[in-house]
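K.L.:
What follows is a predicted structure for the sequence shown.
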Amino acid sequence: MTDRIGIHWFRLDLRLNDNPALYELSKEVDKIIPIYIYEENIEIGHASKCWLEKSLECLDNELAKLDSKLYVFKGNSKKIIHRIIEDKNISHFSWNRLYDKYSIIRDKEIKSSLNKKSIVCNTFNGYLLSEPWEVKNKSGNFFKVFTPFWKTNFEILINKKLSLSSSSKYNFYKKNINSVLKIKELQLNMPKKEWMNRILSYWDIGENAAKLKLKKFINNKLFNYSTGRDRPDSDFTSKISPHLHYGEISPLRIFNEVMKSNIDENNKKKYLSEIGWRDFSYNLLFNYPAMTEFPIQSKFKKFPWLRDKKNLHTWKLGKTGIPIVDAGMKELYEMGWMHNRVRMIVGSFLTKNLLIHWKEGERWFFDTLVDADIGSNSAGWQWIAGSGADASPYFRIFNPILQGKKFDPKGQYVKKFLPSLDKIPEKFIHSPWEMTDGEQERYNFILGRDYPKPIIDLNETRKRALAAFKKISE
Ligand SMILES: Cc1cc2nc3c(=O)[nH]c(=O)nc-3n(C[C@H](O)[C@H](O)[C@H](O)COP(=O)(O)OP(=O)(O)OC[C@H]3O[C@@H](n4cnc5c(N)ncnc54)[C@H](O)[C@@H]3O)c2cc1C
(Lines give C-alpha, C1' and ligand atoms only; values in the text may rest on other atoms or scores of the structure.)
Protein backbone atom coordinates (compact mmCIF):
# COMPACT_ATOMS: atom_id res chain seq x y z
CA MET A 1 0.00 0.00 0.00
CA THR A 2 1.34 3.47 -0.83
CA ASP A 3 1.82 6.04 1.91
CA ARG A 4 -0.84 8.70 2.44
CA ILE A 5 1.00 11.99 2.10
CA GLY A 6 -0.20 15.33 3.50
CA ILE A 7 1.19 18.83 3.24
CA HIS A 8 1.36 21.21 6.19
CA TRP A 9 1.69 24.79 5.01
CA PHE A 10 3.60 26.83 7.64
CA ARG A 11 2.73 30.53 7.67
CA LEU A 12 2.59 32.43 10.99
CA ASP A 13 2.89 29.20 13.00
CA LEU A 14 6.63 28.48 12.87
CA ARG A 15 6.60 25.79 15.56
CA LEU A 16 6.23 22.01 15.80
CA ASN A 17 4.58 21.80 19.24
CA ASP A 18 1.08 23.06 20.08
CA ASN A 19 0.40 23.36 16.38
CA PRO A 20 -3.21 22.19 15.90
CA ALA A 21 -3.14 21.93 12.09
CA LEU A 22 0.08 19.92 12.08
CA TYR A 23 -1.10 17.71 14.91
CA GLU A 24 -4.45 16.88 13.30
CA LEU A 25 -2.78 16.21 9.95
CA SER A 26 -0.39 13.78 11.60
CA LYS A 27 -3.39 11.66 12.60
CA GLU A 28 -4.66 11.44 9.00
CA VAL A 29 -1.52 10.68 6.99
CA ASP A 30 1.61 8.54 7.05
CA LYS A 31 4.01 11.28 5.97
CA ILE A 32 3.91 15.07 6.20
CA ILE A 33 5.62 17.45 3.77
CA PRO A 34 6.34 20.66 5.73
CA ILE A 35 6.36 23.64 3.35
CA TYR A 36 6.88 27.41 3.61
CA ILE A 37 6.10 29.80 0.76
CA TYR A 38 7.57 33.29 0.68
CA GLU A 39 5.18 35.52 -1.27
CA GLU A 40 7.08 38.61 -2.35
CA ASN A 41 3.93 40.66 -2.91
CA ILE A 42 3.05 40.42 0.80
CA GLU A 43 4.75 43.37 2.41
CA ILE A 44 7.15 42.55 5.26
CA GLY A 45 9.33 45.14 6.96
CA HIS A 46 13.14 44.98 7.11
CA ALA A 47 13.30 44.04 10.80
CA SER A 48 10.62 41.36 10.42
CA LYS A 49 12.41 39.85 7.43
CA CYS A 50 15.58 39.32 9.40
CA TRP A 51 13.57 37.69 12.21
CA LEU A 52 11.77 35.52 9.65
CA GLU A 53 15.01 34.23 8.16
CA LYS A 54 16.28 33.11 11.57
CA SER A 55 12.93 31.66 12.56
CA LEU A 56 12.77 29.59 9.37
CA GLU A 57 16.31 28.36 10.04
CA CYS A 58 15.30 27.30 13.57
CA LEU A 59 12.29 25.40 12.25
CA ASP A 60 14.45 23.77 9.58
CA ASN A 61 16.94 22.68 12.28
CA GLU A 62 14.16 21.13 14.36
CA LEU A 63 12.90 19.27 11.28
CA ALA A 64 16.44 18.09 10.55
CA LYS A 65 16.47 16.46 14.01
CA LEU A 66 13.42 14.48 12.79
CA ASP A 67 15.32 13.51 9.65
CA SER A 68 13.48 15.96 7.38
CA LYS A 69 13.69 19.61 6.33
CA LEU A 70 11.56 22.66 5.66
CA TYR A 71 10.65 22.72 1.95
CA VAL A 72 10.94 26.40 1.07
CA PHE A 73 9.50 28.07 -2.05
CA LYS A 74 9.23 31.62 -3.35
CA GLY A 75 6.40 33.00 -5.47
CA ASN A 76 2.66 32.76 -5.85
CA SER A 77 1.19 30.35 -3.27
CA LYS A 78 -1.63 29.10 -5.50
CA LYS A 79 0.73 28.22 -8.36
CA ILE A 80 3.32 26.62 -6.10
CA ILE A 81 0.79 24.50 -4.24
CA HIS A 82 -0.66 23.29 -7.53
CA ARG A 83 2.77 22.37 -8.79
CA ILE A 84 3.53 20.29 -5.69
CA ILE A 85 0.23 18.46 -5.67
CA GLU A 86 0.52 17.68 -9.40
CA ASP A 87 3.95 16.23 -8.75
CA LYS A 88 3.26 14.27 -5.55
CA ASN A 89 0.40 12.04 -4.62
CA ILE A 90 -1.17 14.23 -1.95
CA SER A 91 -4.30 13.20 -0.04
CA HIS A 92 -4.45 15.89 2.69
CA PHE A 93 -3.53 19.52 3.20
CA SER A 94 -3.54 21.67 6.35
CA TRP A 95 -2.78 25.13 7.71
CA ASN A 96 -3.56 27.39 10.66
CA ARG A 97 -5.89 30.24 9.76
CA LEU A 98 -4.98 33.92 9.25
CA TYR A 99 -7.42 36.82 9.56
CA ASP A 100 -6.41 39.66 7.24
CA LYS A 101 -8.38 40.28 4.08
CA TYR A 102 -5.72 39.15 1.60
CA SER A 103 -5.04 35.85 3.40
CA ILE A 104 -8.74 35.07 3.84
CA ILE A 105 -9.49 35.48 0.11
CA ARG A 106 -6.36 33.59 -0.98
CA ASP A 107 -6.95 30.72 1.45
CA LYS A 108 -10.59 30.31 0.42
CA GLU A 109 -9.56 30.01 -3.25
CA ILE A 110 -6.83 27.50 -2.46
CA LYS A 111 -9.11 25.42 -0.26
CA SER A 112 -11.83 25.26 -2.89
CA SER A 113 -9.38 24.24 -5.64
CA LEU A 114 -7.90 21.53 -3.38
CA ASN A 115 -11.37 20.23 -2.62
CA LYS A 116 -12.12 20.07 -6.35
CA LYS A 117 -9.13 17.77 -6.69
CA SER A 118 -10.54 15.63 -3.84
CA ILE A 119 -7.74 16.62 -1.49
CA VAL A 120 -8.95 16.92 2.09
CA CYS A 121 -8.07 20.40 3.33
CA ASN A 122 -8.43 21.16 7.04
CA THR A 123 -7.71 24.48 8.72
CA PHE A 124 -7.43 25.38 12.41
CA ASN A 125 -6.93 28.16 14.92
CA GLY A 126 -3.27 28.19 15.89
CA TYR A 127 -2.79 31.97 16.12
CA LEU A 128 -5.32 33.41 18.58
CA LEU A 129 -6.84 32.51 21.93
CA SER A 130 -10.29 32.70 20.34
CA GLU A 131 -11.19 33.48 16.76
CA PRO A 132 -13.12 36.69 15.94
CA TRP A 133 -16.39 34.88 15.22
CA GLU A 134 -16.30 33.01 18.55
CA VAL A 135 -16.48 36.14 20.74
CA LYS A 136 -19.87 37.82 20.32
CA ASN A 137 -22.15 39.91 22.52
CA LYS A 138 -25.66 38.82 23.58
CA SER A 139 -27.16 40.17 20.33
CA GLY A 140 -24.71 38.12 18.30
CA ASN A 141 -22.61 41.11 17.19
CA PHE A 142 -18.88 41.58 17.56
CA PHE A 143 -17.50 43.72 20.39
CA LYS A 144 -16.19 47.22 19.69
CA VAL A 145 -15.00 47.81 23.25
CA PHE A 146 -12.20 45.84 24.88
CA THR A 147 -13.48 45.25 28.45
CA PRO A 148 -16.66 43.28 27.60
CA PHE A 149 -14.79 41.56 24.74
CA TRP A 150 -12.17 40.25 27.14
CA LYS A 151 -14.69 39.28 29.82
CA THR A 152 -16.57 37.12 27.29
CA ASN A 153 -13.37 35.75 25.76
CA PHE A 154 -11.99 34.85 29.18
CA GLU A 155 -15.15 32.89 30.03
CA ILE A 156 -14.88 31.02 26.74
CA LEU A 157 -11.25 30.15 27.48
CA ILE A 158 -11.86 28.99 31.03
CA ASN A 159 -14.56 26.65 29.76
CA LYS A 160 -12.64 25.45 26.69
CA LYS A 161 -10.75 22.22 26.81
CA LEU A 162 -7.27 23.49 26.01
CA SER A 163 -5.23 20.68 24.55
CA LEU A 164 -1.58 21.18 23.73
CA SER A 165 0.10 18.82 21.30
CA SER A 166 3.61 17.47 21.02
CA SER A 167 5.67 16.89 17.89
CA SER A 168 7.29 13.69 19.11
CA LYS A 169 5.38 11.27 16.90
CA TYR A 170 5.41 13.19 13.63
CA ASN A 171 6.62 11.43 10.53
CA PHE A 172 8.01 13.94 8.07
CA TYR A 173 8.85 13.49 4.39
CA LYS A 174 12.52 13.00 3.45
CA LYS A 175 12.89 13.00 -0.35
CA ASN A 176 13.74 15.80 -2.75
CA ILE A 177 11.13 18.10 -4.28
CA ASN A 178 11.67 20.26 -7.38
CA SER A 179 12.30 24.02 -7.07
CA VAL A 180 12.92 23.95 -3.35
CA LEU A 181 15.13 26.84 -2.24
CA LYS A 182 17.62 27.18 0.55
CA ILE A 183 16.39 29.66 3.19
CA LYS A 184 19.32 31.98 2.42
CA GLU A 185 18.18 32.10 -1.23
CA LEU A 186 15.07 33.99 -0.12
CA GLN A 187 17.51 36.86 0.49
CA LEU A 188 15.60 38.11 3.52
CA ASN A 189 18.60 39.59 5.29
CA MET A 190 20.33 41.21 2.32
CA PRO A 191 20.08 45.00 2.47
CA LYS A 192 21.08 46.97 5.57
CA LYS A 193 23.01 44.02 6.98
CA GLU A 194 24.76 45.96 9.73
CA TRP A 195 21.48 47.31 11.11
CA MET A 196 19.88 43.87 10.90
CA ASN A 197 22.76 42.16 12.68
CA ARG A 198 22.59 44.70 15.48
CA ILE A 199 18.87 44.02 15.94
CA LEU A 200 19.47 40.27 15.89
CA SER A 201 22.10 40.55 18.60
CA TYR A 202 19.31 41.35 21.11
CA TRP A 203 17.18 38.28 20.44
CA ASP A 204 17.16 34.51 20.68
CA ILE A 205 14.84 33.31 17.97
CA GLY A 206 12.77 30.17 17.40
CA GLU A 207 10.39 27.84 19.20
CA ASN A 208 12.82 26.68 21.91
CA ALA A 209 13.89 30.23 22.70
CA ALA A 210 10.25 31.33 22.93
CA LYS A 211 9.39 28.56 25.39
CA LEU A 212 12.42 29.37 27.53
CA LYS A 213 11.54 33.06 27.49
CA LEU A 214 8.02 32.32 28.71
CA LYS A 215 9.36 30.14 31.51
CA LYS A 216 11.82 32.80 32.67
CA PHE A 217 9.17 35.50 32.46
CA ILE A 218 6.77 33.52 34.64
CA ASN A 219 9.50 32.69 37.16
CA ASN A 220 11.17 36.09 37.38
CA LYS A 221 8.92 38.92 36.20
CA LEU A 222 5.23 38.02 36.23
CA PHE A 223 4.94 38.65 40.00
CA ASN A 224 5.47 42.38 39.32
CA TYR A 225 3.85 42.67 35.88
CA SER A 226 0.83 44.73 36.87
CA THR A 227 2.86 47.73 38.04
CA GLY A 228 6.18 46.97 36.33
CA ARG A 229 4.70 46.74 32.81
CA ASP A 230 4.40 50.52 32.55
CA ARG A 231 8.01 51.25 33.41
CA PRO A 232 10.36 51.44 30.43
CA ASP A 233 13.24 51.97 32.87
CA SER A 234 12.82 48.43 34.20
CA ASP A 235 12.41 45.10 32.47
CA PHE A 236 9.10 43.62 33.56
CA THR A 237 7.35 42.82 30.29
CA SER A 238 7.72 39.48 28.54
CA LYS A 239 9.16 40.67 25.16
CA ILE A 240 7.31 37.71 23.68
CA SER A 241 5.57 39.74 20.93
CA PRO A 242 7.82 38.75 17.97
CA HIS A 243 7.64 35.08 18.99
CA LEU A 244 3.86 35.35 19.08
CA HIS A 245 3.79 37.18 15.78
CA TYR A 246 5.68 34.43 13.96
CA GLY A 247 3.82 31.73 15.86
CA GLU A 248 6.94 30.33 17.52
CA ILE A 249 4.76 29.98 20.59
CA SER A 250 1.02 29.55 20.79
CA PRO A 251 -1.10 32.01 22.79
CA LEU A 252 -2.93 29.01 24.25
CA ARG A 253 0.31 27.68 25.71
CA ILE A 254 0.91 31.09 27.28
CA PHE A 255 -2.64 31.09 28.67
CA ASN A 256 -2.21 27.60 30.12
CA GLU A 257 1.22 28.16 31.63
CA VAL A 258 0.24 31.46 33.20
CA MET A 259 -3.02 30.05 34.59
CA LYS A 260 -1.29 27.13 36.25
CA SER A 261 1.58 29.19 37.69
CA ASN A 262 1.39 30.06 41.38
CA ILE A 263 1.59 33.81 40.84
CA ASP A 264 -1.17 35.96 42.36
CA GLU A 265 -4.43 36.41 40.39
CA ASN A 266 -3.97 40.16 39.87
CA ASN A 267 -0.69 39.83 37.96
CA LYS A 268 -1.83 36.73 36.07
CA LYS A 269 -5.06 38.38 34.95
CA LYS A 270 -3.33 41.60 33.94
CA TYR A 271 -0.85 39.74 31.77
CA LEU A 272 -3.50 37.57 30.15
CA SER A 273 -5.62 40.61 29.41
CA GLU A 274 -2.69 42.02 27.41
CA ILE A 275 -2.64 38.85 25.34
CA GLY A 276 -6.39 39.56 25.11
CA TRP A 277 -5.60 42.91 23.43
CA ARG A 278 -3.93 40.92 20.70
CA ASP A 279 -7.13 38.91 20.15
CA PHE A 280 -9.11 42.16 20.28
CA SER A 281 -6.92 43.70 17.55
CA TYR A 282 -7.70 40.71 15.33
CA ASN A 283 -11.38 40.97 16.22
CA LEU A 284 -11.25 44.53 14.88
CA LEU A 285 -9.20 43.63 11.81
CA PHE A 286 -11.57 40.82 10.89
CA ASN A 287 -14.61 43.04 11.23
CA TYR A 288 -13.05 46.21 9.76
CA PRO A 289 -10.70 44.78 7.13
CA ALA A 290 -10.02 48.29 5.78
CA MET A 291 -8.66 49.53 9.12
CA THR A 292 -5.11 49.00 7.89
CA GLU A 293 -5.64 51.98 5.57
CA PHE A 294 -8.66 53.96 6.74
CA PRO A 295 -9.86 55.31 10.10
CA ILE A 296 -12.48 53.17 11.84
CA GLN A 297 -14.31 56.36 12.89
CA SER A 298 -15.24 57.92 9.56
CA LYS A 299 -15.12 61.52 10.87
CA PHE A 300 -11.33 61.17 10.88
CA LYS A 301 -11.38 60.99 7.06
CA LYS A 302 -11.57 64.78 7.04
CA PHE A 303 -8.97 65.34 9.77
CA PRO A 304 -6.51 68.08 8.72
CA TRP A 305 -3.28 66.03 8.91
CA LEU A 306 -0.10 67.90 8.04
CA ARG A 307 2.23 66.62 5.33
CA ASP A 308 5.43 67.54 7.12
CA LYS A 309 8.28 65.43 5.73
CA LYS A 310 10.94 67.23 7.78
CA ASN A 311 9.28 66.64 11.16
CA LEU A 312 8.42 63.05 10.19
CA HIS A 313 12.05 62.39 9.35
CA THR A 314 13.22 64.01 12.60
CA TRP A 315 10.77 61.83 14.55
CA LYS A 316 12.05 58.68 12.81
CA LEU A 317 15.66 59.59 13.63
CA GLY A 318 14.84 60.32 17.29
CA LYS A 319 16.00 63.94 17.07
CA THR A 320 12.87 65.84 18.12
CA GLY A 321 14.48 67.32 21.23
CA ILE A 322 11.89 65.63 23.48
CA PRO A 323 13.95 63.05 25.41
CA ILE A 324 11.43 60.27 26.02
CA VAL A 325 10.24 60.43 22.40
CA ASP A 326 13.80 60.33 21.07
CA ALA A 327 14.83 57.52 23.43
CA GLY A 328 11.87 55.44 22.20
CA MET A 329 12.71 55.98 18.55
CA LYS A 330 16.36 55.06 19.23
CA GLU A 331 15.28 51.93 21.09
CA LEU A 332 13.15 50.96 18.09
CA TYR A 333 16.02 51.36 15.63
CA GLU A 334 18.48 49.66 17.94
CA MET A 335 16.44 46.62 18.99
CA GLY A 336 13.54 46.40 16.53
CA TRP A 337 11.25 46.71 19.56
CA MET A 338 9.90 49.48 21.77
CA HIS A 339 8.30 49.42 25.20
CA ASN A 340 4.48 49.66 25.03
CA ARG A 341 4.25 52.80 27.19
CA VAL A 342 6.76 54.54 24.93
CA ARG A 343 4.95 53.34 21.77
CA MET A 344 1.97 55.29 23.09
CA ILE A 345 4.06 58.37 23.89
CA VAL A 346 5.81 58.52 20.49
CA GLY A 347 2.51 57.77 18.75
CA SER A 348 0.68 60.57 20.56
CA PHE A 349 3.56 62.95 19.81
CA LEU A 350 3.47 62.14 16.08
CA THR A 351 -0.29 62.24 15.58
CA LYS A 352 -1.21 64.99 18.04
CA ASN A 353 1.79 67.30 18.59
CA LEU A 354 3.10 67.00 15.04
CA LEU A 355 -0.36 66.37 13.49
CA ILE A 356 1.18 63.78 11.16
CA HIS A 357 -1.09 60.98 9.85
CA TRP A 358 -1.05 57.81 11.99
CA LYS A 359 -0.46 55.84 8.80
CA GLU A 360 3.07 57.32 8.58
CA GLY A 361 3.85 56.07 12.07
CA GLU A 362 2.28 52.71 11.34
CA ARG A 363 4.48 52.33 8.23
CA TRP A 364 7.66 53.18 10.10
CA PHE A 365 6.81 50.76 12.90
CA PHE A 366 5.92 48.13 10.31
CA ASP A 367 9.36 48.45 8.76
CA THR A 368 11.40 48.59 11.97
CA LEU A 369 9.62 46.39 14.55
CA VAL A 370 10.52 42.71 14.81
CA ASP A 371 6.97 42.18 16.13
CA ALA A 372 5.35 44.21 13.29
CA ASP A 373 1.89 42.76 13.06
CA ILE A 374 -0.91 43.77 10.74
CA GLY A 375 -3.56 43.48 13.49
CA SER A 376 -1.82 44.89 16.57
CA ASN A 377 0.05 47.63 14.70
CA SER A 378 -2.92 49.16 12.90
CA ALA A 379 -5.13 48.76 15.99
CA GLY A 380 -2.40 50.36 18.16
CA TRP A 381 -2.03 53.33 15.83
CA GLN A 382 -5.76 53.89 15.41
CA TRP A 383 -6.10 53.71 19.19
CA ILE A 384 -3.43 56.30 19.84
CA ALA A 385 -4.63 58.61 17.02
CA GLY A 386 -8.16 58.49 18.47
CA SER A 387 -9.74 57.10 15.28
CA GLY A 388 -10.12 53.48 16.44
CA ALA A 389 -13.21 51.63 17.68
CA ASP A 390 -12.27 51.68 21.37
CA ALA A 391 -9.74 54.47 21.00
CA SER A 392 -8.00 56.69 23.46
CA PRO A 393 -10.13 59.89 23.20
CA TYR A 394 -8.57 62.45 20.90
CA PHE A 395 -8.34 65.06 23.66
CA ARG A 396 -6.11 62.70 25.69
CA ILE A 397 -2.82 64.06 24.49
CA PHE A 398 0.12 62.50 26.29
CA ASN A 399 2.40 65.08 27.85
CA PRO A 400 5.85 63.55 27.26
CA ILE A 401 7.41 65.44 30.17
CA LEU A 402 4.86 64.18 32.69
CA GLN A 403 4.93 60.68 31.17
CA GLY A 404 8.71 60.68 31.48
CA LYS A 405 8.64 61.87 35.09
CA LYS A 406 6.05 59.26 36.04
CA PHE A 407 7.36 56.21 34.21
CA ASP A 408 11.09 56.93 33.99
CA PRO A 409 11.57 59.09 37.12
CA LYS A 410 15.36 58.87 37.28
CA GLY A 411 15.75 59.12 33.51
CA GLN A 412 17.49 55.74 33.31
CA TYR A 413 15.61 54.73 30.15
CA VAL A 414 16.26 58.06 28.46
CA LYS A 415 19.97 58.00 29.34
CA LYS A 416 20.36 54.46 28.08
CA PHE A 417 19.40 55.48 24.55
CA LEU A 418 20.55 59.12 24.68
CA PRO A 419 23.98 59.02 26.37
CA SER A 420 24.55 62.72 25.66
CA LEU A 421 22.02 63.44 28.44
CA ASP A 422 24.11 61.48 30.92
CA LYS A 423 25.66 64.51 32.55
CA ILE A 424 22.53 66.56 33.27
CA PRO A 425 20.70 66.37 36.64
CA GLU A 426 17.56 64.27 37.11
CA LYS A 427 15.44 67.39 37.46
CA PHE A 428 16.01 68.35 33.81
CA ILE A 429 16.28 64.93 32.22
CA HIS A 430 12.83 65.07 30.60
CA SER A 431 12.97 68.78 29.74
CA PRO A 432 16.60 69.86 29.18
CA TRP A 433 15.46 73.12 27.55
CA GLU A 434 14.46 74.34 31.02
CA MET A 435 18.14 74.66 31.99
CA THR A 436 19.45 78.21 32.11
CA ASP A 437 22.61 79.10 30.19
CA GLY A 438 24.50 79.09 33.50
CA GLU A 439 23.23 75.61 34.38
CA GLN A 440 24.14 74.31 30.93
CA GLU A 441 27.66 75.64 31.34
CA ARG A 442 27.98 74.15 34.82
CA TYR A 443 27.08 70.68 33.54
CA ASN A 444 29.05 71.08 30.31
CA PHE A 445 25.89 70.45 28.33
CA ILE A 446 24.88 72.86 25.59
CA LEU A 447 21.40 72.53 24.15
CA GLY A 448 21.59 72.58 20.36
CA ARG A 449 25.15 71.19 20.50
CA ASP A 450 24.91 68.12 22.73
CA TYR A 451 21.23 67.47 22.20
CA PRO A 452 18.66 69.08 19.84
CA LYS A 453 16.38 71.92 20.86
CA PRO A 454 12.71 70.84 20.84
CA ILE A 455 11.27 71.01 17.30
CA ILE A 456 7.89 72.21 18.62
CA ASP A 457 6.30 73.84 21.62
CA LEU A 458 4.36 71.16 23.50
CA ASN A 459 1.65 73.54 24.79
CA GLU A 460 1.05 75.32 21.49
CA THR A 461 0.83 72.08 19.51
CA ARG A 462 -1.52 70.60 22.11
CA LYS A 463 -3.91 73.52 21.60
CA ARG A 464 -3.57 73.18 17.80
CA ALA A 465 -4.48 69.48 17.98
CA LEU A 466 -7.54 70.14 20.14
CA ALA A 467 -8.72 72.82 17.71
CA ALA A 468 -8.30 70.43 14.76
CA PHE A 469 -10.28 67.77 16.59
CA LYS A 470 -13.04 70.24 17.45
CA LYS A 471 -13.37 71.03 13.74
CA ILE A 472 -14.07 67.43 12.70
CA SER A 473 -16.43 66.92 15.65
CA GLU A 474 -18.69 69.90 14.76
C1 LIG B 1 1.21 52.45 18.29
C2 LIG B 1 1.35 51.00 18.72
C3 LIG B 1 1.77 50.05 17.80
C4 LIG B 1 1.89 48.70 18.19
N5 LIG B 1 2.31 47.77 17.26
C6 LIG B 1 2.39 46.47 17.61
C7 LIG B 1 2.81 45.48 16.66
O8 LIG B 1 3.07 45.76 15.48
N9 LIG B 1 2.92 44.19 17.09
C10 LIG B 1 2.62 43.82 18.38
O11 LIG B 1 2.74 42.64 18.71
N12 LIG B 1 2.20 44.74 19.28
C13 LIG B 1 2.09 46.03 18.94
N14 LIG B 1 1.69 46.96 19.89
C15 LIG B 1 1.26 46.49 21.22
C16 LIG B 1 2.33 46.43 22.32
O17 LIG B 1 3.05 47.62 22.37
C18 LIG B 1 3.31 45.27 22.12
O19 LIG B 1 2.61 44.08 21.90
C20 LIG B 1 4.19 45.08 23.39
O21 LIG B 1 4.90 46.26 23.66
C22 LIG B 1 5.14 43.93 23.16
O23 LIG B 1 6.03 43.80 24.24
P24 LIG B 1 5.92 42.58 25.25
O25 LIG B 1 5.85 41.29 24.51
O26 LIG B 1 7.01 42.74 26.24
O27 LIG B 1 4.50 42.87 25.93
P28 LIG B 1 3.86 42.30 27.27
O29 LIG B 1 3.48 43.47 28.10
O30 LIG B 1 4.70 41.28 27.90
O31 LIG B 1 2.50 41.66 26.74
C32 LIG B 1 2.38 40.31 26.34
C33 LIG B 1 1.81 40.21 24.96
O34 LIG B 1 0.49 40.75 24.91
C35 LIG B 1 0.27 41.34 23.63
N36 LIG B 1 -0.01 42.76 23.81
C37 LIG B 1 0.38 43.55 24.82
N38 LIG B 1 -0.12 44.80 24.67
C39 LIG B 1 -0.81 44.78 23.51
C40 LIG B 1 -1.56 45.77 22.79
N41 LIG B 1 -1.72 47.02 23.25
N42 LIG B 1 -2.14 45.41 21.62
C43 LIG B 1 -2.02 44.15 21.14
N44 LIG B 1 -1.33 43.18 21.79
C45 LIG B 1 -0.73 43.49 22.95
C46 LIG B 1 1.53 41.15 22.82
O47 LIG B 1 1.39 39.99 22.03
C48 LIG B 1 2.58 40.96 23.90
O49 LIG B 1 3.70 40.23 23.47
C50 LIG B 1 1.56 48.31 19.52
C51 LIG B 1 1.14 49.30 20.44
C52 LIG B 1 1.03 50.62 20.05
C53 LIG B 1 0.59 51.64 21.05
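P.N.:
All right, it came through fine. Note that this is a predicted model, so its numbers are computed, not measured.

K.L.:
all contacts plus neighbour counts: C-alpha atoms, from now on.
P.N.:
Fine.

K.L.:
my read: residue 242 touches residue 371, true?
P.N.:
Yes. Contact criterion CA atoms under 8 Å: residue 242 and residue 371 qualify, at 4.0 Å.

K.L.:
helix or strand right after the host helix or strand of residue 375?
P.N.:
Counting by DSSP states H and E, the element that carries residue 375 is helix 374-385. For helix 374-385, the succeeding helix or strand toward the C-terminus, using DSSP H and E, is helix 400-407.

K.L.:
So which bits of that next one are buried?
P.N.:
Buried positions in helix 400-407, judged by neighbour count with 16 or more other CA atoms under 10 Å: 400-401, 403-405, 407.

K.L.:
same check, this time on stretch 10-30
P.N.:
10-23, 25-26, 29-30.

K.L.:
and what of stretch 98-110?
P.N.:
So for stretch 98-110, counting by 16+ other CA under 10 Å, buried means 98-100, 107, 110.

K.L.:
Need those residues in a markdown table (columns: distance to residue 46, pLDDT and secondary structure).
P.N.:
Shown next, in a markdown table, are the buried residues of stretch 98-110 (distance: CA to CA, whole Å; pLDDT from 0 to 100; DSSP: H, G, I helix; E, B strand; the rest coil):
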| residue | distance to residue 46 | pLDDT | secondary structure |
| --- | --- | --- | --- |
| 98 | 21 | 98 | coil |
| 99 | 22 | 98 | coil |
| 100 | 20 | 97 | coil |
| 107 | 25 | 98 | helix |
| 110 | 28 | 98 | helix |
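
K.L.:
Tell me the one of these nearest residue 295?
P.N.:
residue 100 (16.3 Å; CA to CA).

K.L.:
circling back to that earlier point, tell me if the helix holding residue 375 is near the ligand.
P.N.:
Yes. Using CA under 6 Å from any ligand atom, helix 374-385 reaches the ligand at 376-377, 380-381.

K.L.:
quick check: domain ranges of this protein?
P.N.:
5-125, 128-163+206-287, 298-473 (automatic domain parsing).

K.L.:
residue ranges with poor pLDDT in this structure?
P.N.:
Scanning the chain with the threshold set as pLDDT under 70 gives 1, 167-168, 391.

K.L.:
Would you mind listing what in this protein touches the ligand?
P.N.:
Close to the ligand, as judged by CA under 6 Å from any ligand atom, the chain has residues 229, 237-241, 274-275, 277-278, 339-340, 343-344, 347, 371-373, 376-377, 380-381.

K.L.:
Just the buried ones among the residues you listed, please.
P.N.:
Neighbour-count burial (16+ other CA under 10 Å) applied to the residues of the chain next to the ligand gives 229, 237-241, 275, 277-278, 339, 343-344, 347, 371-373, 376-377, 380-381.

K.L.:
how close does residue 78 sit to the ligand?
P.N.:
As defined by CA to the nearest ligand atom, to the nearest Å, residue 78 lies at a distance of 27 Å from the ligand.

K.L.:
my read is that residue is in a strand, agree?
P.N.:
No. Counting by DSSP: H, G, I helix; E, B strand; the rest coil, residue 78 is not part of a strand but helix.

K.L.:
I'd guessed it sits against residue 108; true?
P.N.:
No. Residue 78 lies out of contact with residue 108 (CA under 8 Å); the separation is 10.8 Å.

K.L.:
Pull up the overlap in contacts between the two.
P.N.:
Residues touching both residue 78 and residue 108 by CA atoms under 8 Å, 6 or more residues apart in numbering: none at all.

K.L.:
So for the longest helix along the chain, what gets flagged as buried?
P.N.:
Using DSSP state H, we find that the single longest helix of the chain is helix 265-287. For helix 265-287, a neighbour-count test (16+ other CA under 10 Å) marks 267-273, 275-287 as buried.

K.L.:
and if you look at stretch 463-471?
P.N.:
464-466, 468-469.

K.L.:
Can you tell me the element residue 34 falls in?
P.N.:
strand 31-38.

K.L.:
And that strand, what does it pack against?
P.N.:
Here strand 31-38 touches strand 5-10, strand 71-74, going by 3 or more CA pairs under 8 Å, 6 or more residues apart in numbering; DSSP states H and E.

K.L.:
now do 10 Å
P.N.:
Under the contact criterion of 3 or more CA pairs under 10 Å, 6 or more residues apart in numbering; DSSP states H and E, strand 31-38 touches strand 5-10, helix 20-28, helix 46-65, strand 71-74, helix 77-87, strand 90-96.

K.L.:
Could you tell me how far the shortest one lies from the centre of the chain?
P.N.:
Which is strand 71-74. 24 Å (CA atoms, centre = their mean, to the nearest Å).
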